[in-house]
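*Asks:* Got a predicted model here, sequence first, then my questions.
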Amino acid sequence: MIEKNLKLIKILIVAGGWSDEREVSLMTGKNVFHCLKKNKFNVKFLDIKKYNLNKILLYKPDIIFNALHGEFGEDGGLNSFALKNNLTITHSGSISSALCFNKRLLKNYLKKKLNILTPKEILNEKKVKFPVISKPNWGGSSNGIKFLNNKKQIKNIYNHQNLVEEIIYGKELTVTVIENNNKIDAIGVTEIEFDNAHYDYDAKYSKNKSSHFLPARIPKFQYNFLINISKKIFRVCNCKGIARLDYIMSYKDKKIYFLEMNTHPGLTKISLAPEQANYQKISYLYLLKQIINSSL
């Protein structure tokens, strides 16, 4: 759809929500809203709460721009709400979103479909070689990650809500994939350095807490491997619009391990996806138009 027509449609930015990623979602949503408003799009902003979902229906948007992170936004909840009410919405569909939000489910699916290498999940607490890493099975922004060093720490961790995995020490790498006129493009591999114990919320969303190297300082064949495998994962998961995929390259054996996929990557002023787009001479506005176009 050409930009002139895009400017005629009613766009509703839905952000906020009630997950532990609420603040990041508001930053993403406001950034998207200000960019579209400045460029004369017909856009409104809704800080969504559990009690005001009906405001979406009252506004009657032509498209919802899903700027939610975490619960209800990334897990397919808002997509299902849109589908039920016959509304168009950006980003991946409800089934793809639910699959990608569940780290264990996604890893098992990708191992089966593409033989992807992932950190080994430790299923028997009696056979743990410490230290190990624990992370929530769903959710993003690196919330809830813990390093476990003894049996006392691990005791209350084992349940379906958490993953306990071997620790891979290595380079953190991330790839953004976008749909561009029905063509899937991986737009860059970024290497991330940080001072914190891991790439946590503070390192992600505080200025000067992490350094980004674009292109990543890795051999060309590994760079190309990440570009190609990211496009394959995006396709096999039936994603739409945009996604960001995280990997780690082991210092020990140089192997690349898939960590997770984010179907609603941050679009804040310091987020990785807009930075990678900019590296490819793709403006923030053009990136937003691609996300909207892929859903219309």
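*Replies:* On my side now, so go ahead.

*Asks:* switch to C-alpha atoms for all contacts and neighbour counts from now on
*Replies:* Will do.

*Asks:* got the phi/psi numbers for the residue nearest to Thr176 when sequence neighbours are not counted?
*Replies:* By the measure of Cα to Cα, 6 or more residues apart in numbering, the closest residue to Thr176 outside its immediate chain neighbours is Arg244, 4.3 Å from it. Main-chain dihedrals, Arg244, degrees, to the nearest 10: phi -130, psi 130.

*Asks:* pretty sure Arg244 contacts Thr174?
*Replies:* Yes: the criterion here is Cα atoms under 8 Å, and Arg244 meets it with Thr174 at 6.8 Å.

*Asks:* Counting neighbours, go ahead and name the busier of those two.
*Replies:* Ranked by neighbour count (other Cα atoms under 10 Å), Arg244 and Thr174 place Thr174 first, with 26 against 21.

*Asks:* On the three-state scheme, the more buried one is what?
*Replies:* Secondary structure assignment for Thr174 (DSSP: H, G, I helix; E, B strand; the rest coil): strand.

*Asks:* mind listing the strands in the stretch 1-150 of the chain by residue range?
*Replies:* 11-16, 43-48, 63-66, 132-136, 146-148 (DSSP state E, counting those that start in this stretch).

*Asks:* What mean pLDDT does the fourth one get?
*Replies:* The reference is to strand 132-136. Averaging pLDDT along strand 132-136 gives 91.

*Asks:* Against which helices or strands is it packed?
*Replies:* strand 146-148, strand 162-166 (3 or more Cα pairs under 8 Å, 6 or more residues apart in numbering; DSSP states H and E).

*Asks:* returning to what we had before: residues in contact with the residue nearest to Thr176?
*Replies:* Taking Cα atoms under 8 Å, 6 or more residues apart in numbering, we find Arg244 in contact with 174-177, 261-265, 273.

*Asks:* Where do the domain boundaries of this protein fall?
*Replies:* Domain ranges of the chain: 3-91, 99-117+169-293, 125-166, per automatic domain parsing.
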